[in-house]
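Enquirer: What follows is a predicted structure for the sequence shown.
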Amino acid sequence: MPSTVPISGGEWPSDTELLRRHVAGDSDAFGELFRRHRDRLWAVALRTVCDPEEAADALQDAMISAFRRAADFRGDSAVTTWLHRIVVNASLDRLRRRAVRPVASAGEEQALEALLAHDHDPARAADIRLDIDAALRILPPPQRAALVLVDMLGYSVDDAAAILDTSPGTVKSRCARARARLLPYVAHLRGNRSAGERVSPAQGGDA
Amino acid sequence: MNELKGNMTHPDSEVLAEFRAGLIAGRHGARISAHLAACERCADLCDQLAELSTLLAAVPAPAMPEAVTRRLDGVLAAEAAQRGQRDQRDDAERAVGDSSRHRAPGRRPRRQWDFRLVTLRVLAPAAAVAVLAAGGYGLSRIGASPTASQASRSSASSAATAAALPQARAALPSGSAGSRPEAVPAHNSLQVVTSQTNYLRITLRQQLASEMKRYARRAAGPLSPMSAPVKGCVLRVTKDTHPVTDRLIETARFQGQPAIVIVAASGRHDVAWVTTSTCSASSDHVLATTTLPGTYAP
């Protein structure tokens, strides 16, 4: 990744230091902070809104907001938690706005149709991913956001609670309801696995 | 099999999921626990819930697509440029005391930044439009210019001309991007283009994309050496954008009023500013700004 101007100091500055430099007027610090975390932030936005274009818009909203509100960061959470929270909120905002439009249901119908037409091989990682992407769409956004953070991206319940600005109990509850809701749609994915066989993370590594 | 000790109505999957998450304790939890020990069907459901989490964890996190990366880099660079201008202006205002009183109503020093950022934000969705309108740039020209006929012809030959500028590539089918012809002026020999273009806020991006293509063919308008005030203006406006290479300096019109248009390459995107024609080394009044990433391909 070509970075425009090297951050001075030689050593790797912490996120907090980058944010402090940004607030102090360093024109490269925020870009560096963003480059550092963009793939995680992208994953959060994409999984939460389930649409690449909407995700790009949400992430853009979020980064502009973070850029401008950096001085409000008080250090009571990690910088990454703060960034994630802004991205999740921007994503949920996008979804709320989209929900007003009737187009929204079309996407869900497509998702369900895709789930019902299992003419692909569920053993293939790419197909599993498609199925999961489609199944995620049926979840209410707050449940999806929690499940994405905890089950898909591996955040602890406490971290997810900080990002979602809610209690760990609420995160657990949203995740539990989301899993129960998803189960019927992804049950076929385990159908062709022999008993006891678990999907290992390595099987999903095609991208 | 176990005896009927765990016999109860089968809990539904949501209850089981909540139980697995540790949300159900006490007597209710104990009953579920006993039921699971006895009921193969519910125990299997629990296994499925565990497998679901494993399955979800196995889905690889997608990397940010290159086009999105470029777009967001551009947005952040524009934000940084805006902020730099704001700071600069604040410094200038501090230096001349209460000069802010001479400004137009509603443009208090601290609010100016916000005002221009709102402009930027409103313009942002036009990026997609500019890309989708590939080949039709000529149509977006509003002003009646001596080069209008060349502009409309450029629709047909856009593949050849747009390839001259990397930021226009995304608007074209892949493979059409060629080497950059020497027609693109070098930084140190940059001259001012005088054009009849009337830029409008709402179509600024598309018009700039079109103008850049004509400029690459030296068809945007007559060239003249940069005057000292314009040079000062360019240096002032682009001061906080790094790295920067001036691409196009043009005197034109914006919303019908005389204006100076500055397009500078910064990294992999272009940043554009429109200032009033009175802009110089000592003062600027940026009317609009935008980025030309040319990279947002859905």
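Expert: Thanks, I have it. Numbering: from 1, shown residues only, chains lettered A, B, ... in the order given.

Enquirer: Low-confidence bits of the stretch 1-150 of chain B, can you list those?
Expert: Counting by pLDDT under 70, the ranges of the stretch 1-150 of chain B that qualify are B:1-8, B:87-150.

Enquirer: what about 90?
Expert: For the stretch 1-150 of chain B, residues meeting the criterion pLDDT under 90 lie at B:1-9, B:54-55, B:58-63, B:77-150.

Enquirer: Repeat that for chain A.
Expert: Residues of chain A meeting the criterion pLDDT under 90: A:1-13, A:25-28, A:51, A:72, A:74-77, A:96-135, A:184-207.

Enquirer: In contact with the residue nearest the centre of it, which residues are there?
Expert: Nearest residue to the geometric centre of chain A (Cα atoms, centre = their mean): residue A:44, 1.3 Å. Contacts here follow Cβ atoms under 8 Å, 6 or more residues apart in numbering or on different chains; on that basis residue A:44 touches A:84, A:87-88, A:91, A:148-149, A:153. For every residue, glycine as well, the C-beta is placed using N, CA and C.

Enquirer: Let's see that with 6 Å instead.
Expert: Counting by Cβ atoms under 6 Å, 6 or more residues apart in numbering or on different chains, residue A:44 touches residue A:87.

Enquirer: ok, then the element right after the helix or strand harbouring it?
Expert: Under the assignment given by DSSP states H and E, the secondary-structure element containing residue A:44 is helix A:29-49. Counting by DSSP H and E, the next helix or strand C-terminal to helix A:29-49 is helix A:52-69.

Enquirer: Now the element after that next one, going C-ward?
Expert: Per DSSP H and E, the helix or strand that comes after helix A:52-69 is helix A:79-100.

Enquirer: what's the average pLDDT for stretch B:248-264?
Expert: Per-residue confidence for stretch B:248-264 averages out to 88 on the pLDDT scale.

Enquirer: can you pull the buried residues of that stretch?
Expert: Of the residues in stretch B:248-264, those buried by neighbour count under the rule 16 or more other Cβ atoms under 10 Å in any protein chain shown are B:248-254, B:259-264.

Enquirer: Same question for stretch B:206-224.
Expert: Of the residues in stretch B:206-224, B:206-217, B:219-221, B:223 count as buried by neighbour count, 16+ other Cβ under 10 Å.

Enquirer: Take the residues you listed and keep only those in strands.
Expert: Within the buried residues of stretch B:206-224, membership in strands is found for residue B:223, as judged by DSSP state E.

Enquirer: which of the buried residues of stretch B:206-224 are close to chain A?
Expert: Near chain A, taking Cβ under 6 Å from any Cβ of the partner chain as the test, no member of the buried residues of stretch B:206-224 is found.

Enquirer: ok so, going back, ok, so of the buried residues of stretch B:248-264, who is nearest residue A:76?
Expert: When those are compared for distance to residue A:76, the smallest value, 39.1 Å, is given by residue B:264; criterion: Cβ to Cβ.

Enquirer: so that closest one, which of the three states?
Expert: The three-state label for residue B:264, taken from DSSP: H, G, I helix; E, B strand; the rest coil, comes out as strand.

Enquirer: hey, what's it bridged with?
Expert: With DSSP bridges applied, the residues forming beta bridges to residue B:264 are residue B:246, residue B:271.

Enquirer: Tell me, how many residues neighbour residue A:169?
Expert: 13 (other Cβ atoms under 10 Å in any protein chain shown).

Enquirer: excluding its backbone neighbours, what's nearest it?
Expert: Leaving out its chain neighbours, the residue that sits closest to residue A:169 by Cβ to Cβ, 6 or more residues apart in numbering or on different chains is residue B:23, at 7.1 Å.

Enquirer: That neighbour and residue B:50: what is the separation?
Expert: Summarising the geometry, the distance separating residue B:23 from residue B:50, computed by Cβ to Cβ, to the nearest Å, is 16 Å.

Enquirer: So for the helix holding residue A:44, what gets flagged as buried?
Expert: By neighbour count with 16+ other Cβ under 10 Å, helix A:29-49 contains the buried residues A:29-38, A:40-49.

Enquirer: same check, this time on stretch B:223-240
Expert: B:223, B:226, B:230-234, B:236-238, B:240.

Enquirer: picking that back up, filter the buried residues of stretch B:206-224 down to the ones in helices?
Expert: The helices, defined by DSSP state H, take in B:206-216 from the buried residues of stretch B:206-224.

Enquirer: how about the strands in chain B?
Expert: According to DSSP E, chain B carries its strands in the segments B:192-199, B:223-224, B:245-254, B:257-266, B:269-276, B:286-292.

Enquirer: which residues touch the second one?
Expert: The contact list for strand B:223-224, computed with Cβ under 6 Å, 6+ apart, reads B:191-193.

Enquirer: One more pass at 7 Å, please.
Expert: Under the criterion Cβ atoms under 7 Å, 6 or more residues apart in numbering or on different chains, residues B:191-194 lie in contact with strand B:223-224.

Enquirer: export these to TSV and tack on neighbour count, pLDDT and distance to chain A?
Expert: Formatted as TSV, the contacts of strand B:223-224 follow (neighbours: other Cβ atoms under 10 Å in any protein chain shown; pLDDT from 0 to 100; distance: Cβ to the nearest Cβ, whole Å):
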residue	neighbour count	pLDDT	distance to chain A
B:191	12	83	27
B:192	21	87	27
B:193	23	87	27
B:194	14	88	32
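
Enquirer: Pull out the buried positions in the longest helix along chain B.
Expert: Looking across chain B with DSSP H, the single longest helix is helix B:66-95. The neighbour-count check on helix B:66-95 (16+ other Cβ under 10 Å) flags B:67-86, B:89 as buried.

Enquirer: for that helix, packing partners?
Expert: With contacts taken as 3 or more Cβ pairs under 7 Å, 6 or more residues apart in numbering or on different chains; DSSP states H and E, helix B:66-95 sits against helix A:29-49, helix A:52-69, helix B:109-123, strand B:269-276, strand B:286-292.

Enquirer: Can you add distance to residue A:97 and give those back as a markdown table?
Expert: Converted to a markdown table, those look like this (distance: least, Cβ to Cβ, whole Å):
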| stretch | distance to residue A:97 |
| --- | --- |
| helix A:29-49 | 11 |
| helix A:52-69 | 10 |
| helix B:109-123 | 15 |
| strand B:269-276 | 27 |
| strand B:286-292 | 23 |
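
Enquirer: what does the stretch 51-200 of chain B put close to chain A?
Expert: For the stretch 51-200 of chain B, the contact set with chain A under Cβ under 7 Å from any Cβ of the partner chain comprises B:51-64, B:68-69, B:71-73, B:75-76, B:79-80, B:84, B:87, B:121, B:124.

Enquirer: give the contact list for residue A:55.
Expert: By Cβ under 7 Å, 6+ apart, residue A:55 lies in contact with A:42, A:45-46, A:49.

Enquirer: Which of those residues sits closest to chain B?
Expert: Top of the list for closeness to chain B, among these and by Cβ to the nearest Cβ, is residue A:42 at 3.9 Å.
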